[in-house]
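A.B. asks: Got a predicted structure here, sequence first:
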Amino acid sequence: MEPESHHLTVSRTARYLTLGRMDGPLDDVWFLLHGYGQLASEFLGHIRALARDGRLLVVPEALSRFYHEDHQRVGASWMTREDRLAEIDDYVSYLDRLHERILEGLRRSEIRLRILGYSQGVATAARWAARGKAEIDELVIWGSPLPHDLDDAAIARLGRMRVTLVGGTRDPFLTEAHWERQSSLLRDRGIAFDVKRFEGGHRLDDDTLRALDGRAGAPILGVDDIQNLSHPEPDARIHYGDDALQFGELRLPKGSGPHPIAIVLHGGCWRARYDIGHTRAFSDALRREGIAVWSLEYRRVGNPGGGWPGTFLDVAAGADHLRTLASSHPLDLSRVAAVGHSAGGHLALWLAARRGLHEASEIRGSSDPLPVAGVVSLAGVTDLRRAVDERVCDTMAAELVGGRPEDVASRYAEASPIERLPLGVPQRLVTGALDTVVPPALGEEYTAKARVKGDDATHTLVAGAGHFEGIAPSTGAFRVVLEAIRSLVR
């Protein structure tokens, strides 16, 4: 007679630690999963560099404790190879329950939710992110590869969150071969990810922890930071005109649709040197959040045909091309938001305004412009006259329009969003409080005038953010932008 193995589900008392006030304003919650042989209290001591006002650190302790070899120190383990599937189910259920308790009474839309797994905690974090109930914004995997048992559905779910790979240059548990295999896996599955390396071995590093989320006092992002973000290729690159620069990149979310759409317009002060590249990570992050993205390239000042009227005609034609795309892709033309950053924020507002232009206008384009449900303008140049006077983007506003306001006043009346009010659609302006490229006052004054004219307009000033944080998927500013877009295309 052979023995039979059975399972019995019982209640367990789990221990977890928190650092941060739950009764005050929160914008960021981290679940931090320790490595093999650590206790929550020990791990929290290594991770305190993440602490700041407005952030809650949650450190669950694994359910299985044991004595180390010295029989003095106690450690904990998330699982072993013995009866591993039951242990995985147990800790996924445990973490789901803890997540429900921590977020009870909090407004999820105002909070960025992230998981960091260290060493053995990487496998736990990845499995919970892939199999659990929590909607995770970012997964940080530190000092260990992803587990090999994630199936296609699990990997696809990771694609809906930001993934950051972290490790020391001399970590024996995360060799160069591990880095290459892991990066290839994510790239092949179309998952965007960031990589952060530091000098050292298998350990946590305070400077790298602070760099994960622009801790208060950390440097604000620059254009190089944005251009260096990784991103999958779009589903398709489609031309809306004959010129090499008259194309858009289409990204479709999972599911049958029809999907809401964001027309994304990149910035760069309307200059030829700045192209669609620096909004690709932003566009892919929107796709992972269930929003189809039609990101437009267009001729700019310095390109043949760019400036007046070509830049405006390109943006108009690119937007109108959505009607053609909707005939062969699952797109919902009743839920279209124009979304732009910096100079693209100007063009997004102008897209909503062009229906009010006279049909004889040089820049209107089609006699039947595609309607938009609303506009999200990130650090947008809302007033071209003021941009000329205050040298916002140096002299580029005048070069875009083809002259100064006193010389071509009628062009400013057609091209400057503040002179086209009211637009007749909701407008959501978002600006970093530390923006030194486009003054936040432009957004404030535009919004005030739009409201006087009867428009539904709001301006959100994001504390601690500069000019580029709104298009960086790992920042709190991005969450503000995402919620603004969702509010327009629900």
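C.D. replies: Yep, it's here.

A.B. asks: Please look at residue 157 and residue 127 and confirm they touch.
C.D. replies: No - using Cβ atoms under 8 Å, residue 157 makes no contact with residue 127, being 10.7 Å away. For glycine as for every other residue, the C-beta is placed from the backbone atoms N, C-alpha and C.

A.B. asks: Between the two, which is the more surrounded one?
C.D. replies: Set side by side, residue 157 and residue 127 give different neighbour counts by other Cβ atoms under 10 Å, the larger being at residue 127 (23 against 16).

A.B. asks: Secondary structure element for the more buried one, which one?
C.D. replies: Assessed by DSSP states H and E, residue 127 sits inside helix 120-131.

A.B. asks: just checking, next helix/strand downstream of that helix?
C.D. replies: Downstream of helix 120-131, the next assigned helix or strand under DSSP H and E is strand 138-142.

A.B. asks: Tell me the buried residues in the helix or strand following that next one?
C.D. replies: Past strand 138-142, further along toward the C-terminus, the next helix or strand under DSSP H and E is helix 152-158. Residues of helix 152-158 classed as buried: 154, 155, 157, 158 (neighbour count, 16 or more other Cβ atoms under 10 Å).

A.B. asks: How far does helix 152-158 sit from its chain's centre?
C.D. replies: 19 Å (Cα atoms, centre = their mean, to the nearest Å).

A.B. asks: tell me which strands and helices it is in contact with?
C.D. replies: Secondary structure elements in contact with helix 152-158, counted by 3 or more Cβ pairs under 8 Å, 6 or more residues apart in numbering; DSSP states H and E, are helix 120-131.

A.B. asks: isn't there a strand covering residue 264?
C.D. replies: Yes - counting by DSSP: H, G, I helix; E, B strand; the rest coil, residue 264 falls inside a strand.

A.B. asks: any idea how far it is from residue 30?
C.D. replies: The gap separating residue 264 from residue 30 is 29 Å, by Cβ to Cβ, to the nearest Å.

A.B. asks: Please name the nearest non-neighbouring residue to residue 122.
C.D. replies: If the residues on either side of it in the chain are set aside, residue 122 comes closest to residue 144, at 3.9 Å by Cβ to Cβ, 6 or more residues apart in numbering.

A.B. asks: in what helix or strand does residue 353 lie?
C.D. replies: Using DSSP H and E, the element containing residue 353 is helix 343-353.

A.B. asks: returning to that earlier point: what packs against the helix holding residue 127?
C.D. replies: The criterion is 3+ Cβ pairs under 8 Å, 6+ apart, and the helices and strands that helix 120-131 contacts are strand 28-33, helix 84-103, strand 112-118, strand 138-142, helix 152-158.

A.B. asks: In space, what's closest to residue 146 - neighbours in sequence excluded?
C.D. replies: Nearest to residue 146 is residue 126, by Cβ to Cβ, 6+ apart, at 5.2 Å.

A.B. asks: which residues does the one you found contact?
C.D. replies: Residues in contact with residue 126, defined by Cβ atoms under 8 Å, 6 or more residues apart in numbering, are 117, 139, 141, 146, 147, 150, 154, 158.

A.B. asks: and the gap between it and residue 4?
C.D. replies: Using Cβ to Cβ, which is the criterion applied here, residue 126 is 33 Å from residue 4.

A.B. asks: Pull the number of nearby residues for residue 104.
C.D. replies: Applying other Cβ under 10 Å, we find 8 residues neighbouring residue 104.

A.B. asks: how near is it to residue 97?
C.D. replies: Counting by Cβ to Cβ, the gap between residue 104 and residue 97 amounts to 11 Å.

A.B. asks: and the longest strand along the chain with helix 343-353, angle?
C.D. replies: Selection of the longest strand in the chain by residue count, based on DSSP state E, yields strand 331-341. Put simply, strand 331-341 runs at 130 degrees to helix 343-353, going by axes from the mean of the first three to the mean of the last three Cα atoms, to 10 degrees.

A.B. asks: Buried residues, strand 331-341. List them.
C.D. replies: Of the residues in strand 331-341, those with enough neighbours to count as buried (16+ other Cβ under 10 Å) are 331, 333, 335, 336, 337, 338, 339, 340, 341.

A.B. asks: my guess is residue 359 meets residue 367, correct?
C.D. replies: Yes - here residue 359 lies in contact with residue 367, judged by Cβ under 8 Å, at a distance of 5.6 Å.

A.B. asks: just to revisit the earlier point, just list what the helix holding residue 353 packs against, helices and strands only.
C.D. replies: In terms of contacts (3+ Cβ pairs under 8 Å, 6+ apart), helix 343-353 is packed against strand 259-265, helix 310-320, strand 331-341, strand 374-378, strand 427-432.

A.B. asks: Please identify the deepest-packed of the ones you listed.
C.D. replies: Between those, the one whose residues have the most neighbours on average, counting mean count of other Cβ atoms under 10 Å, is strand 374-378 (a mean of 30).

A.B. asks: Average pLDDT for that one, rounded please.
C.D. replies: When the per-residue pLDDT values of strand 374-378 are averaged, the result is 98.

A.B. asks: Distance from that strand to the middle of the chain?
C.D. replies: Offset of strand 374-378 from its chain centre (Cα atoms, centre = their mean): 15 Å.

A.B. asks: who does it pair up with?
C.D. replies: Strand pairing for strand 374-378, using DSSP bridges, gives strand 331-341 (parallel), strand 427-432 (parallel).

A.B. asks: Run the angle between it and strand 259-265 for me.
C.D. replies: Using the same axes, to 10 degrees: strand 374-378 against strand 259-265 is 40 degrees.

A.B. asks: Following strand 374-378 in sequence, what is the next regular element?
C.D. replies: The C-terminal neighbour of strand 374-378 among helices and strands, as given by DSSP H and E, is helix 384-389.

A.B. asks: can I get the buried residues of strand 331-341 in JSON lines with distance to residue 482 and pLDDT?
C.D. replies: Written out in JSON lines, the entries for these read as follows (distance: Cβ to Cβ, whole Å; pLDDT from 0 to 100):
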{"residue": "331", "distance to residue 482": "19", "pLDDT": "98"}
{"residue": "333", "distance to residue 482": "21", "pLDDT": "98"}
{"residue": "335", "distance to residue 482": "15", "pLDDT": "97"}
{"residue": "336", "distance to residue 482": "16", "pLDDT": "98"}
{"residue": "337", "distance to residue 482": "11", "pLDDT": "98"}
{"residue": "338", "distance to residue 482": "15", "pLDDT": "98"}
{"residue": "339", "distance to residue 482": "10", "pLDDT": "98"}
{"residue": "340", "distance to residue 482": "15", "pLDDT": "98"}
{"residue": "341", "distance to residue 482": "14", "pLDDT": "98"}
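
A.B. asks: Under the pLDDT cut-off, which ranges of the stretch 201-350 of the chain? List them.
C.D. replies: 213-219 (pLDDT under 70).

A.B. asks: show me where it has helices.
C.D. replies: In order along the chain, the stretch 201-350 of the chain carries the following helices (DSSP state H, counting those that start in this stretch): 206-211, 223-227, 280-288, 310-320, 322-326, 343-353.

A.B. asks: quick one, which of those is packed in tightest?
C.D. replies: Ranked by mean neighbour count, the helices of the stretch 201-350 of the chain are led by helix 343-353 with a mean of 29 (mean count of other Cβ under 10 Å).

A.B. asks: Fine by me, we can end here.
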